[in-house]
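Output the structure for:
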Amino acid sequence: MPTYAYRCRECTETFELNRPMSESGAPAPCPGGHADTVKLLTTVALTGSASTPTPAPAATSGGCCGGGCCG
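Residues are numbered from 1 along each chain as shown. Next comes the predicted model:
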């Protein structure tokens, strides 16, 4: 179930609620009992591992450190 972040406009408290996506736009009273809240935009971090690792790109000649111009 997704977690949504909200901020109360009266007491400026920030809080989170776990609720179904179908209820994401429903009013969310703050823990202090105030009704004037706004849903915050949040970012999503995806973690995990790939089943097949992606190989690093092969070194090529040319460019700054690939062609010997750095030193």
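
For the chain, which segments count as strands?
Here the chain has its strands, by DSSP state E, at 3-8, 14-18, 37-39.

want to try JSON lines for the ones you listed, with distance to Cys30 as columns?
The C-beta positions use only the backbone N, C-alpha and C, and glycine is treated the same way. Output for the strands of the chain, formatted as JSON lines (distance: least, Cβ to Cβ, whole Å):
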{"stretch": "strand 3-8", "distance to Cys30": "4"}
{"stretch": "strand 14-18", "distance to Cys30": "6"}
{"stretch": "strand 37-39", "distance to Cys30": "6"}
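
can you list those in JSON lines and add mean neighbour count?
Converted to JSON lines, the strands of the chain look like this (neighbours: other Cβ atoms under 10 Å):
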{"stretch": "strand 3-8", "mean neighbour count": "16"}
{"stretch": "strand 14-18", "mean neighbour count": "13"}
{"stretch": "strand 37-39", "mean neighbour count": "15"}
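
Next, format those as a markdown table and append distance to Gly25 and mean pLDDT.
Converted to a markdown table, those look like this (distance: least, Cβ to Cβ, whole Å; pLDDT from 0 to 100):
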| stretch | distance to Gly25 | mean pLDDT |
| --- | --- | --- |
| strand 3-8 | 10 | 94 |
| strand 14-18 | 12 | 94 |
| strand 37-39 | 8 | 95 |
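
so for stretch 45-52, what's the average pLDDT?
Across stretch 45-52, the average pLDDT comes to 67.

circling back: which one of the strands of the chain lies closest to Gly48?
strand 3-8 (17.9 Å; Cβ to Cβ).

In CSV, list the C-alpha atoms belonging to the closest one.
Below are the C-alpha coordinates for strand 3-8, written out as CSV (Å, rounded to 0.1, in the frame of the first residue of the first chain):
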residue,chain,number,x,y,z
THR,A,3,2.5,6.0,1.6
TYR,A,4,1.4,9.6,1.1
ALA,A,5,2.9,12.6,2.8
TYR,A,6,0.7,15.5,3.9
ARG,A,7,1.2,18.9,5.6
CYS,A,8,-1.2,20.7,7.9
